[in-house]
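# have a look; sequence and predicted model below, questions after that.
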Amino acid sequence: MDRLENTIRPYAWGSTTAIPELLGTEPTGQPQAELWLGAHPGAPSHVDRGAGPLSLADAIAADPTGELGAPVVRAFGARLPFLLKVLAADVPLSLQVHPDLRQAQAGFADEEARGVPVDAPHRTYRDANHKPELICALTPFDGLCGFRSPTETAALLEELGVDELKPHADLLRTHPEADALREVLTAVLTADPTAMAETVSRVARAARDLAARESGRFRDTHAATVETERHFPGDPGVIAALMLNHVRLQPGQALYLGAGVPHAYLSGLGVEIMANSDNVLRCGLTPKHIDVPELLRVVRFEHTEPAVLHPTTVTAREGEELYAAPTADFRLSRYVLAADDRPRALDDRAAQILLCTEGSARVRSVAGPGGEEAELTLRRGESAYVRAGEPTTLSGSGTVFRATVTV
C-alpha cells in the first residue's frame, strides 16, 4: 500500500478554508476547491516506492493487472475507473449535465473526426466515457438536482411575480411535461442576453423580498437564487436553476447523479466520487462554453425527486456502510471506527483508496512473495492507495471513506 500525495485544484468557486482545515494546513488566502485522489491524468496522486515521487497513473500503467486486479482490467481497461475528490464549494458551481456512455462515445468520436482539439475551449467531449457521480456531505451541503414537477415550478415562477416569467409558467401548466421542460429551458438559454440580464435582475429582487419572510413554500429556493445571482449577475442559469429541486444534505447523507440529470452544487464540503471522465455539458452559471443543441439532446426532460442516500450496513461484522449507487464504475463506503473495535477486513479483489475524514486510522496490509506486513497511520485528511490482492485491515478511532469498484 502507499500513502498518497494529492493535488489541490484552485478553482474560483472553492472555499479558502474548508480543505486547509481538513488537511490541518494554513490557508493560502486563495480558493481551494477540490482535492483529487486517484490517477486522472489531469492531476494524478503520487506515491513513493523508494525511488522518489511516482505518479499513480504511471504506476498503474506499468502493471495494470497487478495494480488494479484482472477483473477490473477486463471490465474497464488499464486505468483506475474512478476519481475520488474532496469538494469544497463556497460559490455555486456551473449548472451542468453529463452524457450517458453511448452519447459520450458518439460525441467524442464526432469531435475527433472534425479535428476539434481536445483542449479547445469550445470542445464538449474530452473523452469517450460517461460521468455518473455521487456526493457525500461532510458538512451541511446545498445543491440543485433534477427538474421539479412542472406545476411546482409554475407555482414558484408565479410567486416571484415577474412578468417575463408568466409565459414560462403558462407553458409548464398546460403542455405535456417533457415538451414544457424542453421549451422553457430552450427559451431561457436562447433569449436575448440584454433582455435576459434585466429579467435575472428582477427575479433576484423579487427572490430577495420573498426570502426575507419567516416562512414560505419556496423560501430556501429564493435564498439560493439571491446568492446565485450575486455571483452570476445576468446569467440565464439563474432562471434555469429555478426549474430544479433544491436539496440540503446533512453530514453523512449523499446524492447520486446519473446521466442526463441537470444539477449544480451550491455550497458545502463533501466527498465526491465519479467515473474517470471530464465530460460536462453546461447550462449556465459559468463563463465557459455552452453547447445548447448538444445540451438539449443530452438532458432528460422529466421531473425527478432527488434520492437522498443514507449509508446501509453491508456486513455488521466488518462494519462497512455502503452508499449504494447504480453504477459499476465506483463503489463508495465508509467505516466509523471505535478504539475498542477489532480490525476490519477489507475486500481486496480490486484496487482501493482510503480517505480519513475524522480521527485517525491504522491501515495494515500483507503483500509481496514473502508476505511482508506494512502499516500506515492515516490522520484527518490523509489517504492511502491499496493494490488489488493485498489483504488489508482497518482499525483506530475515526471515519474512513473507501473508494473502489464493483467486481
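Alright, I've got the coordinates. Residues are numbered from 1 along each chain as shown.

# could you give the mean pLDDT of stretch 254-263?
Averaging the model's pLDDT scores along stretch 254-263 yields 96.

# could you tell me the end-to-end distance of that stretch?
Start to finish, the residues bounding stretch 254-263 are 14 Å apart (CA to CA, to the nearest Å).

# what residues of the longest helix along the chain count as buried?
Scanning the chain for the helix with the most residues, using DSSP state H, yields helix 193-211. Judged by neighbour count using 16 or more other CB atoms under 10 Å, the buried positions of helix 193-211 are 196, 199, 200, 203, 204, 206, 207, 210, 211. For the C-beta atoms, the positions are set from N, CA and C on the backbone; glycine is no exception.

# same deal with stretch 215-226?
218, 219, 221, 222, 223, 224, 225, 226.

# thought the first one was touching residue 156?
Yes - counting by CB atoms under 8 Å, a contact exists between residue 218 and residue 156, whose distance comes to 5.0 Å.

# about what we covered before: now render the buried residues of stretch 215-226 as a markdown table, adding secondary structure, distance to residue 357 and pLDDT.
Written out in a markdown table, the entries for the buried residues of stretch 215-226 read as follows (DSSP: H, G, I helix; E, B strand; the rest coil; distance: CB to CB, whole Å; pLDDT from 0 to 100):
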| residue | secondary structure | distance to residue 357 | pLDDT |
| --- | --- | --- | --- |
| 218 | coil | 33 | 94 |
| 219 | helix | 31 | 93 |
| 221 | helix | 30 | 95 |
| 222 | helix | 32 | 96 |
| 223 | helix | 28 | 95 |
| 224 | helix | 26 | 95 |
| 225 | helix | 31 | 97 |
| 226 | helix | 31 | 96 |
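
# what's the following helix or strand after the strand or helix carrying residue 156?
Residue 156 is located in helix 150-160, with elements delineated by DSSP states H and E. Heading C-terminal from helix 150-160, the first helix or strand you meet, by DSSP H and E, is helix 166-174.

# so which elements touch the following helix or strand past that following helix?
Sequence-wise, the next helix or strand downstream of helix 166-174 (DSSP H and E) is helix 177-189. Based on contacts counted as 3 or more CB pairs under 8 Å, 6 or more residues apart in numbering; DSSP states H and E, the elements that helix 177-189 packs against are helix 150-160, helix 166-174, helix 237-240, strand 281-284, helix 292-298.

# nearest to residue 101, out of the ones you listed?
Shortest separation from residue 101 across those is recorded for helix 292-298, at 12.1 Å, computed as CB to CB.

# buried sites along that closest one?
By neighbour count, with 16+ other CB under 10 Å as the criterion, the buried positions of helix 292-298 are 294, 295, 296, 298.

# show me the contact partners of the next helix or strand after that helix.
For helix 292-298, the following helix or strand on the C-terminal side (DSSP H and E) is strand 308-309. The contact list for strand 308-309, computed with CB atoms under 8 Å, 6 or more residues apart in numbering, reads 134, 136, 247, 249, 253, 254, 255, 256, 323, 324, 325.

# show me which pair in those residues is furthest apart.
247 and 324 (17.9 Å).

# show me which of the two is the more surrounded one.
Higher neighbour count among residue 247 and residue 324: residue 247, with 22 against 15, using other CB atoms under 10 Å.

# and the more buried one, what does it touch?
For residue 247, the contacting residues are 142, 143, 144, 145, 255, 306, 308, taking CB under 8 Å, 6+ apart as the criterion.

# what's the lowest-mean-pLDDT helix or strand in the chain packed up against?
Taking all helices and strands of the chain together, the one with the lowest average confidence (mean pLDDT, DSSP states H and E) is strand 312-315, at a mean of 87. Contact analysis of strand 312-315 by 3+ CB pairs under 8 Å, 6+ apart lists strand 320-323 as its packing neighbours.

# so which elements touch the strand it packs on?
Here strand 320-323 touches strand 312-315, strand 331-337, going by 3+ CB pairs under 8 Å, 6+ apart.
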